[in-house]
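Undergrad: After the sequence you'll find the predicted model.
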Amino acid sequence: MSYEEKAFEIIKKSIKSAIFIDEKARTFFQKNEDLVGSREESLSEELYQNFKSSGISLDIHKYVNNDENNTNLKNYLFEDRDLVLLDWNLDDQSGELFSLELLADIVSRPHIHFCAIYTSEKGQKLDHVFNNLLSFFSDETEEYYTEIKEKIEGVEGISEIIDDLHFININRNSIECKKKLGYLFQNKKEILEKIFEIVGDEDKKCALIKASISQMTTYKSKTQNICPSIVSIENKTLVIDNTIITILNKEENSPDDLLKNLSAQITKQNTSFTQLLGLEMQSIFSRSSAFIDSNLLHFTKDALLYHRENYKKEGLQHFFPEFIKEIMLEKANLNLRNIPISLLEDAFLDSENNNSIPDDSELIAMNIFYNSTKLKNDNKLNFGDVFKKEGEEEYLICITALCDCLRPDKIDNSFFFAKGGPIKPSDALKLGDTAFISYLSERQMVKWTDVNTIIDANHHKYSPVYIKPIQFSIIETQFSKEGELSFYYLKPNGEKDSFQAKYITTIKSNYTQRIANHAFSYPIRVGVDFVKK
């Protein structure tokens, strides 16, 4: 089976429920005498029949004005959907802003993996649709762009590079973009410096993208919407958070071909393999990770409440839900252990291997995925949480046992951490899993070991490697709105002191445990003396 065929099967299996939204759509109970003869009415029937034959449940919604502000309706439209087919012009030849506002709600729901802007637009008008998506989802507001628009226009020489800025915006993930950035930094540095000062974004490429958007006649959002992580103007596809968004013309993508064309558009992307891997794993999880078995059915609610009472007597009832969740997840993990993943079959991977050497940035991204996840909902100090000390290049990772993190009163709110500092990406990649390193983000890699700078490089390999556990009092374990915690400690002279540190990410359990195991061997080290020459 070819890669394209596998991709199509994976995408089709991962879409179980879809919805088509169009102001001219035909709803299920619409009478024939109420029809106006629009293409969208017959399209609704064709889509329904085609999706039904593919094993996909399709609902159809006829948009009416102000639907984008109806919370209950949006919950009905988008909850438990895998694919949304969204018309671009939701008010005859206009209504693009209504589509964008609905799209913002779609991408905020992590379970929706696909959204197709299903439009009558074609040719260069499709590019205009794409540009509107880029400006609406840019991590800034309409007010912000109004504020910087005239300032950017007033930069001397801006007309010389405005086309270059637009090129960087729409080709931000391409090799050509890197070349264009290199040219501008080498030849137009003074103009760029003025732009950076106006935009105020530390990320230089993002600053130039925002400068481009400020000069575009496109819709901007009244609220901040997350930026796309992947942008492909050639495939008219972008990825925002968990949602793959693609633009499809209605005439060129008939209901018979829609799923195949959607699949083809996704597989053209450089990152399609890893996206498909995630989709296949999620499909397997939903089909095979049953949480109910005969053992669970052999005890009642009363037995579960009895166990909870045991926790309650010790003042630990808040730990009980965490324990049950952990048991359930372990059950699902065991169910999945022996289920094969088609994309990881040896024969298939061998056929796809062209022995190319990936760029360092890809290897770093892979290691970030392997070892860390930035949690959005868990805002209490926990095992593996990493913090950066305010104003310094010093990092702290929590190595306190998980049960103690959940019950801080048991340890008098005294937590163990390991201290780390930055390491060059090239050094981190060379060391691999031979060192105690964590990958936090594209620009943040941390080493957790003490390095003896007295020993020269030739003899350093013979010296012991230590991770020293450090204790801090964390009175309030819940993060502030800014994601910060206060760390309290005693100075050598006995005085109390404190500092602020900001949450960066969470290192996964096995990776953190490896660091913790080594750190807690530090207190049992034994000193010896030898004569040194």
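TA: Cool, got the structure.
Undergrad: show me the contacts for residue 425.
TA: If you count contacts by CB atoms under 8 Å, 6 or more residues apart in numbering, residue 425 has them with 360, 364, 445. Where C-beta positions appear, they are placed from N, C-alpha and C, glycine not excepted.
Undergrad: for the stretch 151-300 of the chain, what spans make up the helices?
TA: Along the stretch 151-300 of the chain, the segments classed as helices by DSSP state H, counting those that start in this stretch run 158-170, 175-187, 189-199, 204-214, 258-267, 272-288.
Undergrad: The shortest one versus helix 272-288: what angle between them?
TA: Angle, helix 258-267 to helix 272-288, by axes from the mean of the first three to the mean of the last three CA atoms, to 10 degrees: 130 degrees.
Undergrad: circling back: ranking the helices of the stretch 151-300 of the chain by burial, who's on top?
TA: Among the helices of the stretch 151-300 of the chain, judged by mean count of other CB atoms under 10 Å, the one packed with the most neighbours on average is helix 204-214 (a mean of 23).
Undergrad: Average pLDDT for that one, rounded please.
TA: When pLDDT is averaged over helix 204-214, the result is 95.
Undergrad: residues contacting the residue most central in space within the chain?
TA: Relative to the mean C-alpha position of the chain, the nearest C-alpha, by CA atoms, centre = their mean, is the one of residue 241, at 5.0 Å. The contact partners of residue 241, taken as CB under 8 Å, 6+ apart, are 107, 108, 110, 226, 229.
Undergrad: likewise residue 435?
TA: Residue 435 sits next to 428, 447, 449 when contact means CB under 8 Å, 6+ apart.
Undergrad: if you skip the residues just before and after it, what's nearest to the first one?
TA: So the one you mean is residue 428. What sits nearest to residue 428 in space, not counting adjacent residues and going by CB to CB, 6 or more residues apart in numbering, is residue 445, at 4.4 Å.
Undergrad: Backbone dihedrals for that neighbour, please?
TA: The phi and psi torsions at residue 445 (degrees, to the nearest 10) take the values phi -120, psi 140.
Undergrad: Settle this for me: it is touching residue 439, isn't it.
TA: Yes - if you go by CB atoms under 8 Å, residue 445 and residue 439 touch, sitting 5.5 Å apart.
Undergrad: where do the contact lists of those two overlap?
TA: Each of 364, 428 lies in contact with both residue 445 and residue 439 under the rule CB under 8 Å, 6+ apart.
Undergrad: which strands and helices sit next to the longest strand seen in the chain?
TA: Selection of the longest strand in the chain by residue count, based on DSSP state E, yields strand 496-507. Counting contacts by 3 or more CB pairs under 8 Å, 6 or more residues apart in numbering; DSSP states H and E, the secondary-structure elements packed against strand 496-507 are strand 372-373, strand 385-389, strand 395-398, strand 437-441, strand 484-490.
Undergrad: what packs against the fourth one?
TA: Strand 437-441 makes packing contacts with helix 360-371, strand 372-373, helix 425-431, strand 444-447, strand 496-507 when contacts are defined by 3+ CB pairs under 8 Å, 6+ apart.
Undergrad: Find me the pLDDT at the spatially closest residue to residue 319 that is not a sequence neighbour, would you?
TA: The shortest distance from residue 319 to any residue that is not its chain neighbour, by CB to CB, 6+ apart, is 4.9 Å, and that residue is residue 406. The predicted structure scores residue 406 at 82 on the pLDDT scale.
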